[in-house]
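K.L.:
Fold the stuff below for me.
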Amino acid sequence: MLDFGIASIPLFIMLLFYGLIIYFVISLIRFMNNKIALDQGRNEKLDQLIQLLQKGEQKEPTAPSNPTTPDTR
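P.N.:
Numbers count the residues shown, from 1 in each chain. Below you'll find the predicted structure:
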């Protein structure tokens, strides 16, 4: 049979290290894809909010302001 002995420990550590790097890269890619999707959704909602605010500003009549008249409330 094959006897690897002490020489297999550095090989095992190296393979474990590469496996952790690959796992980290895959996790990072998944996180970034999820973040991009959530950011796009947030940007769409912000665009809708901006449009609603602009429509609201267009519909509101601007009251003439007279700074010389005191407020008597």
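K.L.:
Closest to the centroid, which residue in this protein?
P.N.:
Lys35 (3.9 Å; C-alpha atoms, centre = their mean).
K.L.:
Give me the distance between that residue and Arg42.
P.N.:
As judged by C-beta to C-beta, to the nearest Å, Lys35 and Arg42 stand 10 Å apart. Just so you know, the C-beta spots here come from the backbone N, C-alpha and C atoms, and that holds for glycine as well.
K.L.:
ok, now Leu11?
P.N.:
According to C-beta to C-beta, Leu11 and Arg42 sit 47 Å apart.
K.L.:
Same check on Ile22?
P.N.:
Here Ile22 is placed at a distance of 31 Å from Arg42 (C-beta to C-beta).
K.L.:
Repeat that for Lys55.
P.N.:
Relative to Arg42, Lys55 is positioned 20 Å away (C-beta to C-beta).
K.L.:
for Ile26, same thing?
P.N.:
Separation of Ile26 from Arg42 (C-beta to C-beta): 25 Å.
K.L.:
and what of Leu53?
P.N.:
Taking C-beta to C-beta, one finds Leu53 at 16 Å from Arg42.
K.L.:
before we move on, what about Ile9?
P.N.:
49 Å.
K.L.:
Over to Thr72?
P.N.:
For Thr72 relative to Arg42 (C-beta to C-beta), the value is 45 Å.
K.L.:
Which one's more surrounded, the two?
P.N.:
Arg42 (10 against 4; other C-beta atoms under 10 Å).
K.L.:
so which helix or strand takes in the more buried one?
P.N.:
Arg42 is part of helix 8-59 when elements are defined by DSSP states H and E.
K.L.:
Tell me the helices and strands packed up against that helix.
P.N.:
The helices and strands touching helix 8-59, judged by 3 or more C-beta pairs under 8 Å, 6 or more residues apart in numbering; DSSP states H and E, number zero.
K.L.:
how distant is it from the center of its chain?
P.N.:
Taking C-alpha atoms, centre = their mean, to the nearest Å, the mean C-alpha location of helix 8-59 is offset from the chain mean by 6 Å.
K.L.:
Sweet, I'm off.
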